[in-house]
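A.B. asks: Give me the fold of what follows.
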Amino acid sequence: FSPLNTSSSLSGSLIPYRSINIDWTMGASTFRRFRGKILSYTPQPNVSGQHEMVIELVDEGDNFQRRETRSTLYTNMTSGSLIGNILDNAGFAGSAAGSRFLDAGQDTYPFAYFDQRKIDEVLVDIIKTEYGFGFIRGDGSYVFHDRFYRQLNSTASATWSENMTDITFVRTIDDLYTEARVTTLPEVIKPLTTVWTIQSPVTISPSS
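C.D. replies: Okay, the predicted model is just below:
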C-alpha cells in the first residue's frame, strides 16, 4: 500500500481521491459500512520495527465542506424539500439512485435564500431549525430525519431491561477550575495640593 513501492501490485492505483467501499460480511449477508474516497496514504512505523499504512478516508461530507450553494429564492418550502435542493447544489446523487432518504419535515420556510455559502453550513442551519438529524449513512446515502421521526418510528425508540445499577459517573479535569477573587478600590480624586514651587524666576541667558 505504499505509493512509492513500484513493485507492488497496487502501483499506480494508490492515488488520492480514489473511490473506496468497505463492506462487512456476516454469514451469507454483506453490509456496506462505508462509501467514500481516499484522502491520503501515510506510512507509520510500529513497535515491531515494521511499517503500517494509514489510509485516511472521507465521505461525501468532505464535498459539502468545499462546495458552495448556487440557489434561487425558495418560497413556501418544507425543510425536507429544501435539503433536497441544497443536495442538488452539491451535485449529490438524486433520490432515484437510492442515495437520499429525506423526511418531509415539519417546518415550512416562507422565504429561503442561500447563495455562495458552504453546503454543510446550510444543511446544519436547516437541521437545527427543524430539531432534526442529518447524516451520511454507511452506504453513502444522505439521511434526514425530522423532529417527529422518533415518535413515529418504533424502531428508533429504546427500552431498558435493568435498573441501571452498573451506571458509572466520570469526572474529568474539565470539571476542575480555579476561581480568583480580587478586591479593587475605586479611584478617588483628592483635593488639589501644591507639591513644590520655584522660589525665584529661572532665566537662561542667550547661547547658554
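A.B. asks: Isn't Gly91 up against Arg66?
C.D. replies: No. With contacts counted by C-beta atoms under 8 Å, Gly91 stays clear of Arg66, the gap being 11.2 Å. All C-beta atoms are positioned from the backbone trio N, CA, C, and that covers glycine.
A.B. asks: Any idea which helix or strand in this protein has the lowest mean pLDDT?
C.D. replies: Least confident element among the helices and strands of the chain, by mean pLDDT, DSSP states H and E: helix 149-152 (a mean of 79).
A.B. asks: so how far is that helix from its chain's centroid?
C.D. replies: Counting by C-alpha atoms, centre = their mean, to the nearest Å, helix 149-152 is centred 25 Å from the centre of its parent chain.
A.B. asks: and if you look at stretch 48-60?
C.D. replies: 22 Å.
A.B. asks: Quick check: the gap between Arg33 and Val195.
C.D. replies: To Val195, Arg33 is 82 Å away according to C-beta to C-beta, to the nearest Å.
A.B. asks: the more surrounded of these two?
C.D. replies: For Arg33 versus Val195, the count of surrounding residues by other C-beta atoms under 10 Å is larger for Arg33: 12 against 4.
A.B. asks: if I look at that one, how far off is Asp59?
C.D. replies: Per C-beta to C-beta, Arg33 is found 11 Å from Asp59.
A.B. asks: Break down the protein into its strands, ranges please.
C.D. replies: Here the chain has its strands, by DSSP state E, at 19-26, 29-45, 51-58, 68-78, 100-102, 108-118, 133-136, 142-145.
A.B. asks: Leaving out the residues flanking it, which one is nearest to the most centrally placed residue in the chain?
C.D. replies: In the chain, the residue lying closest to the centroid (C-alpha atoms, centre = their mean) is Asp120, at 8.2 Å. Closest residue to Asp120 apart from its sequence neighbours, by C-beta to C-beta, 6 or more residues apart in numbering: Phe64 at 4.0 Å.
A.B. asks: for Arg18, same thing?
C.D. replies: Ile38 (4.8 Å).
A.B. asks: Show me where this protein dips below the pLDDT cut-off.
C.D. replies: 95-96, 156-158 (pLDDT under 70).
A.B. asks: how far away is the residue nearest to Pro110 when sequence neighbours are not counted from Ala104?
C.D. replies: In space, and not counting its chain neighbours, Pro110 is closest to Asn76: 6.1 Å by C-beta to C-beta, 6+ apart. Taking C-beta to C-beta as the measure, Asn76 falls 13 Å from Ala104.
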